[in-house]
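> build me a structure from this.
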Amino acid sequence: MKFKTKLLMACAAMSWVVSGVGAAEGDLTKYVNPWIGTGGHGHVFLGANVPFGYVQLGPTEHTRGWDWCSGYHISDSVLIGFGHQHLSGTGIGDLGDFAFLPVANKEQKEIRFSHASETVSPGYYAIKLGRPNVFVELTATKRAGFHRYTYGANTAEGLIAINLNQGIGWDKMTSCKLNVEGATTVSGFRMSTGWAKNQQDFFVAEFSKPVTLVESNDSVGVFSFRNDGQPLLVKVGLSAVSVENAKANLQAEIPAWDFNKTVTEARQAWNKELGKISIETKNDTDRTIFYTALYHTMTAPSVFSDVNGQYRGADGKVYSARFTNYTTFSLWDTYRAAHPLMTLIHPEKQADIAQTMLNICQQQGKLPVWHLMGNETDCMVGNPGVSVLADLVLKGYVKDKAAAFEAMKKSAMLDERGMKELKQYGYIPFDVANTPETVSKSLEYAIADAGIAKVARLLGRKDDYTYFYNRSQCYRKFFDKQTEFMRGLDSKGRFREPFNPFKSAHIADDYTEGNAWQYTWLVPHDVHGLVSLFPSEQAFVNKLDSLFIVEGDLGAEASPDISGLIGQYAHGNEPSHHVVYLYNYVGQPWKAAPLLRKIFGEQYKNSADGLSGNEDVGQMSAWYVISTMGLYQVEPAGGKFVFGSPLFDEARMQVAGGKTFTIRALNNSDRNIYIQRVKLNGRNYTKSYINYADIEKGGTLEFTMGSKPSKFGTAKSDRP
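Modelled structure (predicted):
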């Protein structure tokens, strides 16, 4: 049989599995475009995975720069392997572990390909390669990958390489071993250092036909097999604990050799999670962007425990647990929208996420900052894990509230990352701390401290409440009433000179990936307190209006993360994500509506370059998902969701306890972007926000929209 005929048969088989399932009524995966974010600075993962899976199986290219942090960029056309783990949307590259690559000869290290030959949908990736002549298909479960290689008829002997050396970005292999256990089984381990300083990974690969090791060195093995006209199937189980656990994971999740069935199950897993939000809209592009965004929010946090409950802790030791342990916490990004969204639509996971964080604290002495594969990276600034845990406590997801409080307090009282100076001076002075970004660090600590104060108040700990509330007010010290900007302070209380609110120097000035224009608004925990620093409420509004208009030169040293600019508002980076919603706090919610619609339409596209900044492990997409439904949690801890401008005619969320919360927008259109009036469960509702507890109960929130601003939400009693 000619290869072309075999390929068509293979594609036909997959069209039943992929397209057939995709055409089924209620299948939401057909609205997902996984290519969104593979270009520009999106840095998203492309390949096969299931929601929150440990395995992300997909193509890996050479690391050619910052835009290859996920291991893949659409501008490239050279493959070096199909790795089993990838990051999505990060600003640093890592992982890429256990790369498999079909090769034409033992010397081949890379393969040129065309993007036109790639097919991808949730849970499935395929590519036609020319040299060697093979059709590659990939799918995955939570802890295992499944490969199918269909070789051309002119290939008598197929070759496949397993590369334990290859990694992405910062990742460097430190030790590894490849074991040939038998004619159809290969196992091994890979230790590496990089962003995750001490990553430990184990694998087992089972082949559907005998393979023979024909070439090997310390880290790469090339295996041959006879091409008998049937595809070569490879099942690969992973574990961070042991080869034995990798085998158990594989046996539990892919016991049979039915590749199509695994694809179908992956598709079903995605449909179950995507189905937690149903939207009504006449705009197919908006629908695709929405469900792709929802899809992107579920790459991480990733399951980081085996089917027997074992996992590798933050101290490198192996633990056994009766809960699901997680990893890949990009908390500086995700505390703002991704985690609040999860509390709405993934309530069943929140207790385990909280327990994971508490265990990390026990094992490493503090809550996670940016946790990756059992390793603390300490990436970014502040104590974002505190904000996430505080939110979970206040929303009722944590049974042992006292233990959670002690973990938060412990994390906030360490003498590291500027906290020693914060405790000593009440802020972090730039001339004492010997660290850059002191304004951003102090503001982020203030946000976390506000969450601790709320939990302390809940538990009746008055002294702790007072202490952390006072620390949460440190932002006031940085506000310069003359310029109306947040500015760096020295130990004498003097503002840094000279001062340029536009200029930014990456990891070399007072701000983290931003400038004074962007960081003056980073007080989401006390917006009214921020407003009070201005001469008047109107002065605050005038300054906020200016943010979206003013233009200036950020300078040659500015971080590439400062992207998606509207004036000096930078939607491509997280510190700006709450800013549009500040209008609600000063009784002018109508001013947010045109800005939100502008962001929806201009910063999110149905194209490879469809994100205005890094996806950041779900945060960019989570902002879109929750904002297009007309909501946003500005205050990181507590669950006060502020109204915006709903994009869809209707959105139905599955919330806790199997209930449904419906958000309906009557008379909605591209012109009718302003809220005129609101009803909650049929009753008039005048506030410009809603509490998490009211959403959790289920019910219906009904917006009536119009083409002109209204007085809705303008009264002081109706502001958040």
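> and the longest strand anywhere in the chain, which residues are buried?
Using DSSP state E to define each element, the chain has its longest strand at strand 172-182. Applying a neighbour-count criterion of 16 or more other CB atoms under 10 Å, one finds 173, 176, 178 buried in strand 172-182. Just so you know, the C-beta spots here come from the backbone N, C-alpha and C atoms, and that holds for glycine as well.
> residues contacting the second one?
It stands for Cys176. Listed by CB atoms under 8 Å, 6 or more residues apart in numbering, the contact partners of Cys176 are 164-165, 188-191, 218-219.
> and it, bridged to which residues?
Arg190 (DSSP bridges).
> roughly how far does it sit from Met342?
35 Å (CB to CB, to the nearest Å).
> now do the first one
As judged by CB to CB, Met173 and Met342 stand 33 Å apart.
> what helices or strands is the one helix or strand Asn271 maps to leaning on?
If you go by DSSP states H and E, Asn271 is part of helix 259-274. With contacts defined as 3 or more CB pairs under 8 Å, 6 or more residues apart in numbering; DSSP states H and E, helix 259-274 has these neighbours: helix 3-15, helix 21-22, strand 124-129, strand 134-140, strand 144-151, helix 284-296.
> so Gly93 touches Gly83, yeah?
No: the pair Gly93 and Gly83 does not pass the contact test of CB atoms under 8 Å, sitting 11.6 Å apart.
> more neighbours: which of these two?
Gly83 (27 against 24; other CB atoms under 10 Å).
> now for the more buried one: which residues touch it?
Contacts of Gly83 (CB under 8 Å, 6+ apart): 57-58, 60, 71, 95-99, 166, 168.
> same question, Phe548
566-569, 595.
> equivalent analysis for Lys366, please.
Neighbours of Lys366 in contact, by CB under 8 Å, 6+ apart: 376, 410-411, 414.
> from those residues, which would you call buried?
Here, 16+ other CB under 10 Å leaves 376, 411 buried among these.
> secondary structure added to the contacts of Lys366, as TSV?
Listed next are these as TSV, based on DSSP: H, G, I helix; E, B strand; the rest coil:
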residue	secondary structure
Glu376	strand
Lys410	helix
Ser411	helix
Leu414	coil
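> adding distance to His525 and pLDDT, write the contacts of Lys366 out as JSON lines.
Shown next, in JSON lines, are the contacts of Lys366 (distance: CB to CB, whole Å; pLDDT from 0 to 100):
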{"residue": "Glu376", "distance to His525": "24", "pLDDT": "98"}
{"residue": "Lys410", "distance to His525": "20", "pLDDT": "98"}
{"residue": "Ser411", "distance to His525": "17", "pLDDT": "98"}
{"residue": "Leu414", "distance to His525": "21", "pLDDT": "98"}
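> need the max-distance pair from the contacts of Lys366.
Using CB to CB, those reach their maximum pairwise distance at Glu376 and Lys410, which is 14.3 Å.
> one step back: which parts of the helix holding Asn271 are buried?
Those buried within helix 259-274 under the rule 16+ other CB under 10 Å are 259-260, 262-267, 269-271, 273-274.
> what does stretch 459-478 rub up against?
401-402, 405, 409, 412, 422, 426-427, 439, 442-443, 445-447, 449-450, 452-453, 456-457, 486-489, 493, 522-523, 525-526, 529-530, 533.
> can you dump the C-alpha coordinates of the top helix by length along the chain into PDB?
The longest helix of the chain (DSSP state H) is helix 438-458. Extracted C-alpha coordinates of helix 438-458, given in PDB (Å, rounded to 0.1, in the frame of the first residue of the first chain):
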ATOM      1  CA  THR A 438      11.000  48.500  45.500                       C
ATOM      2  CA  VAL A 439       7.800  50.300  44.600                       C
ATOM      3  CA  SER A 440       6.300  47.300  43.000                       C
ATOM      4  CA  LYS A 441       7.500  44.900  45.700                       C
ATOM      5  CA  SER A 442       6.000  47.100  48.400                       C
ATOM      6  CA  LEU A 443       2.700  47.500  46.600                       C
ATOM      7  CA  GLU A 444       2.500  43.800  46.000                       C
ATOM      8  CA  TYR A 445       3.300  43.000  49.700                       C
ATOM      9  CA  ALA A 446       0.600  45.500  50.700                       C
ATOM     10  CA  ILE A 447      -2.000  43.600  48.600                       C
ATOM     11  CA  ALA A 448      -1.000  40.300  50.300                       C
ATOM     12  CA  ASP A 449      -1.000  41.900  53.700                       C
ATOM     13  CA  ALA A 450      -4.600  43.100  53.100                       C
ATOM     14  CA  GLY A 451      -5.600  39.500  52.500                       C
ATOM     15  CA  ILE A 452      -3.900  38.400  55.800                       C
ATOM     16  CA  ALA A 453      -5.700  41.200  57.600                       C
ATOM     17  CA  LYS A 454      -9.100  40.100  56.300                       C
ATOM     18  CA  VAL A 455      -8.500  36.500  57.500                       C
ATOM     19  CA  ALA A 456      -7.200  37.800  60.800                       C
ATOM     20  CA  ARG A 457     -10.400  39.700  61.200                       C
ATOM     21  CA  LEU A 458     -12.500  36.700  60.300                       C
END
